[in-house]
Structures are given as structure tokens and as C-alpha cells.
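Engineer: Would you be able to build a 3D model of this:
(one chain, ligands or ions: 1)
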Amino acid sequence: MFKLKRYLRKYKKESVIAPMFKMLEACFELLTPLVMARIVDVGIRDRDMGYIMMMCAVMVAFGVFGLLCSATAQYFAAKAATGFGTALREDLFRHVNSFSYTELDMIGTSTLVTRLTSDINQVQAGVNLLLRLFLRSPFIVVGAVVMAFVVNARLAWIFVVLVPVLSLVIYGIMLATIPLYKKVQNRLDVVLRLTRESLAGARVVRAFSRQEDEIQDFREESEGLMHMQLLVGKISALLNPATYVIINAAILVVLWLGGGTVYSGELTQGGLIALINYMTQVLLALLALSMLIVSVTKASASAGRINDVFSQASGMKEGGSETDIREGEMKVSFRHVDFAYKGGKNALTDIRMEVKRGQTIGIIGGTGSGKSTVVNLIPRFYDASAGEVLVDGVDVREYPFSRLRGNIGIVPQNAVLFAGTIRENMQWGKKGASDDEIYRALEIAQAKEFVEAKPDGLETMVLQGGKNFSGGQRQRLTIARALVGEPEILILDDSASALDFATDAKLRRAIAAQTRGMTVFIVSQRAASIKDADQILVLDDGRQVGLGTHRELLETCGVYHEICMSQFSEKELEKS
Ligand SMILES: Nc1ncnc2c1ncn2[C@@H]1O[C@H](COP(=O)(O)OP(=O)(O)OP(=O)(O)O)[C@@H](O)[C@H]1O
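Structural biologist: Numbering: from 1, shown residues only. Below is the predicted model of the structure:
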């Protein structure tokens, strides 16, 4: 948690004012039993109503000042803590955004969501409590012991014994619960992941009638979390009975010994009442301290999880801004490229390909053969494990991300749209794109017709994930989004799979005719979608088993021939 203190730097003033006001409030609290003692020893003894009223007014004034101090402290602590939380959240979000796909795969989205939300809230609550209580509680404990010595030094020794005994009990309980908080948070991660998966895949769950299994899995995890929380709760629940037994025993001792002292005149009745009040103050302060420790412990566990994300640096270093681009003939080159996902075997082995500016490249192969992996290396979603990928003759690792990716329009396999209007979604491709530019892109992507048919046109709202559009419409919108920016390289990663054959063909014809000079990569399982490409890369289990035109590959590449045989009739094959 200490490591995160930099986020409080902007709130130095608040971080000092909050504990100071809490201490001031504590001073009023410590003085109150003395006023009470005066009421008993002087006011009540002498039956002096004027004195009693005056002292009551003093007590009320202490209470009001204490309340004002407490409210001021609360205000500044809340200001510092929420500012801290906001700065931390923004920084963590920025850091997560710097991750490459490798780190995202490794850490997992659900746990990142928990860390960005619940963990940061936990740390924020810890900071708030820390600012208010870390000085106040020890100050009250020490202050109450000192005041007890002021009232009666002989009886004050009971406090000297009481404070360590109480502290020891509280510490023991803390020690038992602290490791469990981290486990609770980890379990929460699992529950969140299950919830996310189950809700995101709600349609699939229903389609496979898996609701009961999903509910069962969720129940098991949720009950696991509950048992863990109950265990922590049960141990923590010992705190109050244990401490109250000790404090009441101490009060009995004070009354037992104090009674005699009052008779002998060594201690006044008011003094005895003040001692009991101080004892209660010690207990309450220690309980507040234990609450602080619990909160700080939870916050530390959460801070640890947040720091783990911060310490995960992006494995990808961005290239310098002065990239020397050689505008040669080759737009994209793969030179003996190998790639393995973290901890896995090679997903790609020795990929070699030279793609000229303006060419269309088809990439085909069975499922899992590495087609998406190949195209993911061009915008540097992953880095090659061996060999190099070049764009305009320069290794992709030498580019600043914005420059490299700014020239690439990528349409991923899963059509992802964001909540907002169609226009806003299209402007992801190019900030401030005009309606003309958007309609041109929609036209090429074969999406203009259905967008125009909507009463609100470009103002039509897209629901989260594009749920109010069909799969094919979503795909066409994501293609249009990539085209709006008129990228130099367009990557269509199986992004026309939901289109019927006629629309798919129209789309490819429009791209070929209206995007002259654009280098286009088409990943597809359908031979018909890529057969007219200038070059076709054939993959089999991550290996390049063919590279050439449709005609050439039919002659030379067994895998390609087989794919075509399975998809075309004899007649179609002869014609092609
Ligand atoms: N994020 C990942 N982490 C680990 N392994 C992965 C990851 N993505 C893909 N793989 C593995 O890499 C191999 C190639 O996957 P890739 O997605 O490139 O295949 P593909 O040819 O595009 O398949 P499909 O046509 O089914 O989309 C597969 O064995 C797959 O299991």
C-alpha cells in the first residue's frame, strides 16, 4: 500500500488537515471526563445548579467543537481518498491499456475488472480510514492512560496492564484473519469471471440448455466465497466479546480498588467515574484501531493485487518516433517468422511472404492452423518469437504504435461495436470523419443500404456489443469502421463469415474497385472468398504449405487442392 502513496501527493494539504482535526476532536473527547468529574465532585456535592449548568454547557460546547472537527476531518479525508482513488484508477486503466495481447491473455480480463473496481474501492476506503484514525486512535489510547495518571497514579497502573492485553487479543484476531482477506478477493475474481462468461454467453448457454449446469457452477463458487467470508466473519466476531469481557473485568477491578480509595479520600467519586470513562475510551479507540487494521489489511491485499498489475510491464517496447520508412515496392514482408503463445508450442513456424503495395492476400487453412495469428503480427498485437515482420521495409518493432496501427484497418473475427450511435462507432476509424466519408465506407462494406433504411440513419443507437444488429450487419459495420480511415493495410480476419455468398462477393468486388493502393489481407475458411487474391498463403498446423495464386496452388499444394475439392464442384474447379 505504501507503494501507492504517490497518488496522495496532490492531496498533501488534505492528508495533513484530516488527521490534525481528528486529533483536535480527540482532545475534546479526552477533556470531557474531567468536566464530568467536576460536575460530580463540585456541582453535585455542593448542589450548585448554576455550576452544573455551566459545566453541562462546557460539555455541550466540547461536543459541538468535536463534531465540527470530526466533520472537517471527514471532508478532507474523503477529498484526499476519492482523489487518490480516481488518480489510481486512471493510472491503472492507462497501464492496462499499454498491455499487449500476451499480458491480457496471461492476466485475464475478469481479474483486471475486479482490480480496477473493487480492489481500488477497497484501497480508497483504507486510505480514508487511515487518514482519520491512524493518529487519533493511538492518541486517544495514550492520552487516556496519561489522563488516568493525572486522575490517580495508583489506579492508572490497571490501564498499563489493560492496554497490552487488549492489544494482544486484537492483534491475535487480526493475525488469523489477514491472510484470509486475500483469499476472499481471489474467490471474488472467480465468481466475477463465471458471471461474466455466463452473461456474455447467455444465448449459447440457453441454446445448449446449460442453464442448470451454469447455475450449479455459479452456486458452488458463490458458496465457496460465502464460506470463506463466513470464516473471516466468525473469527472477526470474536473481537467484540473478547474485548468487552476484558474491559468489563478491568472496570470491575477499578471499582473494587477505586471504591476503597474513594472511602479513604485518596480519590474523588468524580475521579472514579472519569477513570471508568477513560477505560471505555481506550476500548473504543482500540476497537476503532482494529477496524482500521482490518480495513488497511484488506486495502493492503488489494494494493498488492494492484501493484502486481503495475509491475507487469508490457512485454512490447514501442519503437522510436523517427522511423525511417523506405517507400519500397514491398508493403508487408514476413521473414522466417516463428511465433509461440506464452507457454505453448509454436503456433507459426517459418512463415515467409512478400506482399506488394496494393496486393490482396488470401490466407486459408483449417481451424487452428494459425491464420489469425499471422495477421495479428502485422499491427504488433503479438511479437514474432523469431524472424521479422516488416511494413514498408521497416521492422514493426521499430514503429511507434500509433504510426503503425494508424495505417492498418483491422476487422477482427468477433465483430465488436460499442454503445453509442453508428456515427460515433464509425468515427473510431477516423476522428471527426465526415458523413460523406462514413457513407463511402458504409457503401464499400455493403452496409449503406441497411443504415439508410433506419429512421435515424447515422444517429441510430448501437446497443452494447451491437446486440441490436444481426451478425452480418455487425460484421459489415466493423468493416466500414476499418475503411473510414482509408488505411494503407486492411486486414479482414474471417470478418465476412456471417455474410451470404452474394454479399461477400459484392463486398470483395467493392474493396478491389474502390480502395486502389490498399493492401488487403483476407483470412477465410472459404476458398471462394480468397481465390481471386494476388497471392494465397496456405497454412497447415502453423506451417506455410503453399504460397501462390489459386491456379498455381491447385497444381502444387495438396492441402489447398483438398480444401477446394471439399468446397467446389468439379465444374466450378475446372472453371476457376
Ligand atoms: N491467445 C492465445 N493463447 C494461446 N494459444 C492461442 C491463442 N490464440 C490462438 N492460440 C492457438 O494458436 C493456434 C493458432 O490459432 P489461430 O487463432 O491463429 O488459428 P486460426 O487458423 O485463425 O483458427 P480459426 O480459423 O479457427 O479462427 C491454435 O492452436 C490456437 O489454439
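
Engineer: Now do the domain split for this structure, please.
Structural biologist: 7-311, 330-575 (automatic domain parsing).

Engineer: can you list those in JSON lines and add mean pLDDT and distance to residue 319?
Structural biologist: From N, CA and C alone the C-beta is placed, and that goes for glycine too. Below are the domains of the chain laid out as JSON lines (pLDDT from 0 to 100; distance: least, C-beta to C-beta, whole Å):
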{"stretch": "domain 7-311", "mean pLDDT": "89", "distance to residue 319": "14"}
{"stretch": "domain 330-575", "mean pLDDT": "86", "distance to residue 319": "4"}
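
Engineer: what separates residue 422 from the ligand, distance-wise?
Structural biologist: 27 Å (C-beta to the nearest ligand atom, to the nearest Å).

Engineer: ditto for residue 368
Structural biologist: As judged by C-beta to the nearest ligand atom, residue 368 and the ligand stand 4 Å apart.

Engineer: So that residue: helix, strand or coil?
Structural biologist: Assigned state for residue 368: coil (three-state reduction, DSSP: H, G, I helix; E, B strand; the rest coil).

Engineer: now it, nearest residue through space, not along the chain?
Structural biologist: residue 541 (7.9 Å; C-beta to C-beta, 6 or more residues apart in numbering).

Engineer: Got phi/psi on the nearest residue to residue 346 once chain neighbours are set aside?
Structural biologist: Nearest residue to residue 346, sequence neighbours excluded (C-beta to C-beta, 6+ apart): residue 340, at 4.9 Å. Phi and psi for residue 340, reported as degrees, to the nearest 10, are phi -130, psi 130.

Engineer: burial measure for residue 340, as a count.
Structural biologist: Applying other C-beta atoms under 10 Å, we find 17 residues neighbouring residue 340.

Engineer: Which of the domains of the chain sits closest to residue 317?
Structural biologist: Nearest to residue 317, of all these, is domain 330-575, at 7.5 Å by C-beta to C-beta.

Engineer: one step back: correct me if wrong: the residue nearest to residue 346 contacts residue 385.
Structural biologist: Yes - shown here, residue 340 and residue 385 form a contact pair, counting by C-beta atoms under 8 Å, at 5.2 Å.

Engineer: which residues touch the residue nearest to residue 346?
Structural biologist: Each residue near residue 340 by C-beta atoms under 8 Å, 6 or more residues apart in numbering is listed here: 346, 347, 385.

Engineer: Can you sort out which of these also neighbour the ligand?
Structural biologist: Contacts with the ligand within the contacts of residue 340, counted by C-beta under 6 Å from any ligand atom: residue 347.

Engineer: what residues are shared contacts of residue 340 and residue 385?
Structural biologist: With C-beta under 8 Å, 6+ apart as the test, residue 340 and residue 385 both reach residue 346.

Engineer: Could you say which helix or strand holds residue 142?
Structural biologist: helix 136-151 (DSSP states H and E).

Engineer: So which other helices or strands are in contact with that helix?
Structural biologist: Packed against helix 136-151, as judged by 3 or more C-beta pairs under 8 Å, 6 or more residues apart in numbering; DSSP states H and E, are the following elements: helix 12-38, helix 153-200, helix 269-311.

Engineer: in it, what counts as buried?
Structural biologist: 136, 137, 139, 140, 141, 143, 144, 145, 147, 148, 151 (16 or more other C-beta atoms under 10 Å).

Engineer: now residue 417, nearest residue through space, not along the chain?
Structural biologist: Distances taken as C-beta to C-beta, 6+ apart put residue 466 closest to residue 417, at 3.3 Å, once the chain neighbours are dropped.

Engineer: got the contact list for that neighbour?
Structural biologist: Taking C-beta under 8 Å, 6+ apart, we find residue 466 in contact with 415, 416, 417, 474, 477.

Engineer: dump the residue contacts of residue 292.
Structural biologist: Residues near residue 292 by C-beta under 8 Å, 6+ apart: 129, 130, 133, 134, 137.

Engineer: ok, now with 6 Å
Structural biologist: 129, 133 (C-beta atoms under 6 Å, 6 or more residues apart in numbering).

Engineer: all helices for the stretch 401-550 of the chain, in order.
Structural biologist: Here the stretch 401-550 of the chain has its helices, by DSSP state H, counting those that start in this stretch, at 401-406, 422-426, 435-444, 448-453, 471-484, 501-514, 527-530, 550-556.

Engineer: Including distance to residue 236, could the ones you listed go into a markdown table?
Structural biologist: As requested, those are arranged in a markdown table below (distance: least, C-beta to C-beta, whole Å):
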| stretch | distance to residue 236 |
| --- | --- |
| helix 401-406 | 47 |
| helix 422-426 | 48 |
| helix 435-444 | 58 |
| helix 448-453 | 58 |
| helix 471-484 | 49 |
| helix 501-514 | 62 |
| helix 527-530 | 62 |
| helix 550-556 | 69 |
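
Engineer: just those helices: most buried one?
Structural biologist: Highest mean neighbour count among these (mean count of other C-beta atoms under 10 Å): helix 471-484, with a mean of 24.

Engineer: Any chance of the backbone angles for the most centrally placed residue in the chain?
Structural biologist: Closest to where the C-alpha atoms of the chain average out (C-alpha atoms, centre = their mean) is residue 116, at 2.7 Å. Main-chain torsions, residue 116, degrees, to the nearest 10: phi -70, psi -20.

Engineer: returning to that earlier point: pipe the contacts of residue 466 into a markdown table and attach distance to the ligand per row.
Structural biologist: Shown next, in a markdown table, are these (distance: C-beta to the nearest ligand atom, whole Å):
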| residue | distance to the ligand |
| --- | --- |
| 415 | 14 |
| 416 | 16 |
| 417 | 20 |
| 474 | 17 |
| 477 | 21 |
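
Engineer: Which pair of those spans the longest distance?
Structural biologist: Most distant of the contacts of residue 466, by C-beta to C-beta, are 416 and 477, 10.2 Å apart.

Engineer: now the helix holding residue 142: how far from the chain's centre is it?
Structural biologist: Remark: helix 136-151 is offset 43 Å from the chain centroid, using C-alpha atoms, centre = their mean, to the nearest Å.

Engineer: Chain neighbours aside, what residue packs nearest to residue 444?
Structural biologist: Here the residue nearest residue 444, using C-beta to C-beta, 6+ apart, is residue 510, at 4.5 Å.

Engineer: Touching, residue 51 and residue 43? I think so.
Structural biologist: Yes - shown here, residue 51 and residue 43 form a contact pair, counting by C-beta atoms under 6 Å, at 4.4 Å.

Engineer: If you count surrounding residues, which of these two has more?
Structural biologist: residue 43 (19 against 16).

Engineer: tell me the phi and psi of the residue nearest to the more buried one when sequence neighbours are not counted?
Structural biologist: Nearest non-adjacent residue to residue 43, counting by C-beta to C-beta, 6+ apart: residue 52, 3.7 Å away. Dihedral pair for residue 52: phi -60, psi -50, per degrees, to the nearest 10.
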